[in-house]
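Chemist: Need a 3D model of the following:
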Amino acid sequence: MNGTPALTAQIAGGRTVGNPAGAAQAESAAGPRLNEDVDWDLFDSAAYFAHNYSTLRPDDGEIIRIVADFFEQQKQQWPDTWRPKAIDVGAGANLYPALTMLPFTGEITLYERASSNRAWLTEQMEQEDGPSPTWKQFWAEMIRGRSAYQTINDPLNLLTRRARVVKGSVYGLQPEQYDIGTMFFVAESITTRDDEFERATRMFVNSLRAHAPFAAAFMKNSSGYRVGENTFPACSVDENDILRALSGVARDVTINPVESNDLRDGYGGMIVVTGRKKM
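Modeler: Take a look at the predicted model:
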């Protein structure tokens, strides 16, 4: 953000409600936590949404600009009549990744493991007056100078008609199912293990068809995070770790550092990655 240059690679945590002092140290003393060690149904979706997305933060604004620009550029290569299948992996209590794909797809899968998050997403989709009006702030950022987004007059209503909530773990994704995808603050925010982070990242990309565009966001150097009354694990990753995870499965990868330092303790900014699935 603020002019930080993107790093382009030539290869053909979660966010939180707080991180009290000592939480990361206690986590480390207890040893690594695997993804399967965590009861994800305890995730407090309402608290997460209220802290992270009740208003548009500058870091999210920068992420939107990067991702919306990238997806709009990709549309130039798609036939006007094509409505590819989209997936947002680990959607959680966040609708803006799905909204970035809305102009380019006829079907969006909101893929989520935690029952609390699926209930939150379903409520957003089924409310009589539609999803929270908060998301209009995020959409307003998407339409700035981007014709593909400007053609949609009622994005929240359209999202409720195109999106469906599906139960699933990132580790259960099937290969070559989708034509465009997002995964925000997931792979590094579900485990302390490097191998599980890499596997989650690769399985997300492999769930896409050949050449499919994708965008992913990561917390940099995260030490763990708290949502509501519960603490969740994170894997500390940087740009090189992400590139290593994507090596062999992605091409045209661009790494975009995003300045962020006041969301919580225990992280070193955010990283947004755009690219395409390899053959």
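Chemist: what about the residue nearest to residue 167 when sequence neighbours are not counted, distance to residue 50?
Modeler: Nearest residue to residue 167, sequence neighbours excluded (C-beta to C-beta, 6 or more residues apart in numbering): residue 118, at 6.1 Å. Bear in mind the C-beta positions are built from the backbone N, C-alpha and C, glycine included. Applying C-beta to C-beta, to the nearest Å, the value for residue 118 to residue 50 is 18 Å.
Chemist: neighbour-wise, which of these two wins?
Modeler: The residue with the greater number of neighbours, taking residue 118 and residue 50 and applying other C-beta atoms under 10 Å, is residue 118; the counts read 21 against 14.
Chemist: ok, that one - contacts?
Modeler: For residue 118, the contacting residues are 112, 165, 167, by C-beta atoms under 8 Å, 6 or more residues apart in numbering.
Chemist: The last one: neighbouring residues, count only.
Modeler: As a burial measure, residue 167 scores 11 neighbours (other C-beta under 10 Å).
Chemist: hey, what's it bridged with?
Modeler: In this structure, residue 167 has beta-bridge partners residue 112, where bridges are defined by DSSP bridges.
Chemist: Could you say whether the closest residue to residue 57 other than its chain neighbours sits in a helix, a strand or coil?
Modeler: Of all residues beyond its chain neighbours, the one nearest residue 57 is residue 263 (7.5 Å), with distances taken as C-beta to C-beta, 6+ apart. When the structure is split into helix, strand and coil by DSSP: H, G, I helix; E, B strand; the rest coil, residue 263 lands in coil.
Chemist: is it true that residue 149 touches residue 104?
Modeler: No. With contact defined as C-beta atoms under 8 Å, residue 149 does not count as touching residue 104 (9.8 Å).
Chemist: pLDDT below threshold where in the stretch 51-200 of the chain?
Modeler: When residues are selected by pLDDT under 70, those of the stretch 51-200 of the chain lie in 79-83.
Chemist: how much space between the residue nearest to residue 57 and residue 219?
Modeler: From residue 263 to residue 219 the distance is 9 Å (C-beta to C-beta).
Chemist: unless I'm mixing things up, residue 180 is touching residue 211, no?
Modeler: No. Counting by C-beta under 8 Å, residue 180 does not reach residue 211; the two are 10.5 Å apart.
Chemist: Neighbour count for those two, which is higher?
Modeler: Of the pair residue 180 and residue 211, residue 180 is the one with more neighbours under other C-beta under 10 Å, namely 26 against 14.
Chemist: Name the nearest residue to that one, ignoring sequence neighbours.
Modeler: Leaving aside its sequence neighbours, residue 180 sits nearest to residue 86 (C-beta to C-beta, 6+ apart; 4.7 Å).
Chemist: Tell me the secondary structure at that neighbour.
Modeler: Of the three states, residue 86 takes strand according to three-state DSSP.
Chemist: what's the burial count for it?
Modeler: Every residue meeting other C-beta under 10 Å relative to residue 86 is counted, giving 27.
Chemist: ok, back up a step: quick check: pLDDT value at the residue nearest to residue 57.
Modeler: Predicted confidence (pLDDT) at residue 263: the value is 79.
Chemist: Tell me the spacing between it and residue 163.
Modeler: With distances defined as C-beta to C-beta, the gap from residue 263 to residue 163 amounts to 26 Å.
Chemist: quick one, which of those two is more surrounded?
Modeler: Legend: neighbour count by other C-beta under 10 Å for residue 263 and residue 163, higher for residue 163 (25 against 21).
Chemist: which residue ranges form the helices in the protein?
Modeler: Counting by DSSP state H, the segments of the chain that form helices are 23-30, 45-53, 58-75, 96-101, 115-126, 135-142, 147-150, 155-162, 194-206, 239-246.
Chemist: Most tightly packed of the ones you listed?
Modeler: Per-stretch averages of neighbours, counted by mean count of other C-beta atoms under 10 Å, single out helix 96-101 among these, with a mean of 26.
Chemist: Can you name the residues in contact with that one?
Modeler: Counting by C-beta under 8 Å, 6+ apart, helix 96-101 makes contact with 53, 60, 64, 67-68, 71, 86, 88, 91, 108, 110, 135, 138-139, 142, 155, 159, 163, 180-184, 215, 217, all of which sit outside it.
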